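Student: Please work out how this folds:
(one chain, ligands or ions: 1)
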Amino acid sequence: MPRRTAATLATSGEVLDLIRTGEAVTRADLGRVTGLSRPAVSLRVGELLERGLVVERTDAPSTGGRPPVRLEFNAAGGVVLVAALGASRTRVAVCDLGGVELEGREFVIDVEQGPDVVLPLLMDTWDELMEGRPGVPVKGVGMGVPATVEFAAGRTESARVMASWTGVVIPPLIRERFPVPVFVDNDVNVLAIGEHRGAYAEETGDLMFVKVSTRIGAGVIAGGEILRGALGAAGEIGHIPVRDGGGVLCRCGNVDCVDSVASGTALLRDLRAAGRDVKTIPDVTALVRAGDAETMAMVREAGRRIGEVLAGAVNILNPAVVVLGGDVAEAFGPLVSSIREVVYRRSTALATRRLRIETSRLGAAAGISGCAVMVLDHVLSPDAVDETLTNRVTRQ
Ligand SMILES: [Zn+2]
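Tutor: Sure, this is the predicted structure:
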């Protein structure tokens, strides 16, 4: 946040931001950091206290003298409603304003049943979860969906995955019951946001999260922010073609996309074609664990294909860390080592000099926290907070 001078006075929203990030925790700190006068600091803090966004704590007195009153962001001052939708598993939860899950439920539902079935289920579940929290304000809703999303509109795009959702603009449907800001992004971006904020934010602002599951996709954090591109399609690495893929037709209509030759779905298809009785990813995991040679070879080959595409992405983005998540990446050691080998061999020396390639630290939990962070970064931003205070005196 830019430091303000007396000429451009810090607003209440900016004061909240300083308290929330821990940059200023007393009124004296706030005065020093913002250059605001004592009465001006008091006015803004008073507003934030009244809105329940901030609470005061007094430390135990030490050796005489009055201890300074510390200001803390009040994570209990409201909640956000979140849902991480997967192709087959969906988690619905309520989080506090610190992004911590307070309560949640997990469902095994086929999202292909469409928004008419899935959205009411989510909203009913949020209502249920809010029953025990009367009077607690809902500040926003965040959802991750397994489809490409035009972020600003919250419109799902993919024509072949989640076909029944194509073109659906989700936020207004949610706002009919929950009249708050609603944010929708694709599942991989949400995982990238959650993994970065929860496990890597202190170390780096440049991270690429790659999900290898039934599908392959990536979410890119650049300079600490999610990179969405012009409309929200950034990071869709699944439909980058590999060399010598053998002419496999992808469901997107192109040929030899990495998704069509190296995803969990592709592994299942190829193993079945080789006469193996595998129905689910865990069936493949069992073969890998048993050291089945043919399965291991296929998994390594898939890893090389993914590595080929990632090597290009690493050259373009120069991330500090590539995080491999999703049930396939998390369960298949040989896949991860093949990806590593190819990326280190084929990316440029400078891009890989400090590059780490690791499996996800948070696993599926990153989905829920990522949804919460996506909402909180918006609704607690200085502009949004000031907006809610517009009818009051915010500048003095
Ligand atoms: Zn494709």
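
Student: what number of residues lie near the residue in the stretch 101-250 of the chain that the ion sits nearest to?
Tutor: Closest approach between the stretch 101-250 of the chain and the ion, counting by CB to the ion: Cys250, at 3.1 Å. The way it works is simple: take the backbone N, C-alpha and C, and place the C-beta from them, glycine included. Cys250 has 20 neighbours, counted by other CB atoms under 10 Å.

Student: My guess is it contacts Ser263. True?
Tutor: No. With contact defined as CB atoms under 8 Å, Cys250 does not reach Ser263; the gap is 9.9 Å.

Student: How confident was the prediction at the residue of the stretch 101-250 of the chain closest to the ion?
Tutor: Cys250 carries a pLDDT score of 92 in this model.

Student: Could I get the contacting residues of it?
Tutor: Residues in contact with Cys250 (CB atoms under 8 Å, 6 or more residues apart in numbering) are His239, Asp256, Cys257, Asp259, Ser260.

Student: Name the nearest residue to Ala233, ignoring sequence neighbours.
Tutor: Thr148 (5.8 Å; CB to CB, 6 or more residues apart in numbering).

Student: Quick check: that neighbour touching Met162?
Tutor: No. Using CB under 8 Å, Thr148 is not in contact with Met162; the gap is 9.3 Å.

Student: residue contacts, Ser37?
Tutor: Gly31.

Student: What distance do you get for it to the ion?
Tutor: 60 Å (CB to the ion, to the nearest Å).

Student: Distance-wise, check that residue relative to Val69.
Tutor: Distance, Ser37 to Val69, by CB to CB, to the nearest Å: 18 Å.

Student: go on, Ser88?
Tutor: 50 Å.

Student: where does the residue nearest to Ala233 land on pLDDT?
Tutor: At Thr148, pLDDT is 84.

Student: Now for it, how many residues are close by?
Tutor: For Thr148, the tally of surrounding residues (other CB under 10 Å) stands at 24.

Student: Same question for Thr352.
Tutor: The burial count for Thr352: 18, using other CB under 10 Å.

Student: Now it: closest residue in space, sequence neighbours ignored.
Tutor: What sits nearest to Thr352 in space, not counting adjacent residues and going by CB to CB, 6+ apart, is Tyr344, at 5.4 Å.

Student: quick one: average pLDDT of the host helix or strand of that neighbour?
Tutor: Using DSSP states H and E, Tyr344 maps to helix 333-346. Across helix 333-346, pLDDT averages out at 93.

Student: Show me what it is packed against.
Tutor: helix 293-317, strand 321-325, helix 327-331, strand 356-359 (3 or more CB pairs under 8 Å, 6 or more residues apart in numbering; DSSP states H and E).

Student: Repeat the analysis, applying 7 Å as the threshold.
Tutor: helix 293-317, helix 327-331, strand 356-359 (3 or more CB pairs under 7 Å, 6 or more residues apart in numbering; DSSP states H and E).

Student: That one: which residues count as buried?
Tutor: Pro334, Leu335, Val336, Ser338, Ile339, Arg340, Val342, Val343, Tyr344 (16 or more other CB atoms under 10 Å).

Student: same thing with stretch 314-325?
Tutor: In stretch 314-325, counting by 16+ other CB under 10 Å, buried: Val314, Leu317, Asn318, Pro319, Val321, Val322, Val323, Leu324, Gly325.

Student: Read off the pLDDT value for the fifth one.
Tutor: pLDDT for Val321: 97.

Student: Please apply the same query to Arg289.
Tutor: 89.

Student: Count the residues that sit near the nearest residue to Ala87 once chain neighbours are set aside.
Tutor: Counting by CB to CB, 6+ apart, Ala87 lies nearest to Pro146, which is 5.2 Å off, once chain neighbours are set aside. Per other CB under 10 Å, the neighbour tally for Pro146 reads 26.

Student: can you pull the contacts of Pro146?
Tutor: Leu85, Gly86, Ala87, Val111, Val161, Met162, Asp187 (CB atoms under 7 Å, 6 or more residues apart in numbering).

Student: Likewise for Val328?
Tutor: Val328 is in contact with Val212, Ser213, Gly264, Ile281, Leu335, counting by CB under 7 Å, 6+ apart.

Student: if we can go back for a sec, take the contacts of Pro146 and keep only those in strands.
Tutor: Using DSSP state E, the subset of those located in strands is Leu85.

Student: same for the helix or strand that Leu48 is a member of, what does it pack against?
Tutor: Using DSSP H and E, Leu48 maps to helix 38-50. For helix 38-50, the contact count by 3+ CB pairs under 7 Å, 6+ apart identifies helix 12-20, helix 27-34, strand 54-58 as packing neighbours.

Student: what comes up buried for that helix?
Tutor: Ala40, Val41, Leu43, Arg44, Val45, Glu47, Leu48.

Student: ditto for stretch 347-365
Tutor: Buried residues in stretch 347-365, defined by neighbour count with 16+ other CB under 10 Å: Ser347, Ala351, Thr352, Leu355, Ile357, Ser360, Leu362, Ala364, Ala365.

Student: re earlier: how far away is the residue of the stretch 101-250 of the chain closest to the ion from Glu112?
Tutor: Cys250 is 18 Å from Glu112, by CB to CB.

Student: How about the residues of the protein by the ion?
Tutor: By CB under 5 Å from the ion, the residues of the chain that approach the ion are His239, Cys250, Cys252, Asn254, Cys257.

Student: Next one: the fourth one from Ile216, what distance?
Tutor: Taking CB to CB as the measure, Asn254 falls 14 Å from Ile216.

Student: ok, now the first one?
Tutor: His239 sits at a distance of 9 Å from Ile216 (criterion: CB to CB).

Student: Now list whatever residues contact both of those two.
Tutor: Common neighbours of His239 and Ile216 (CB under 7 Å, 6+ apart) are Asp259.
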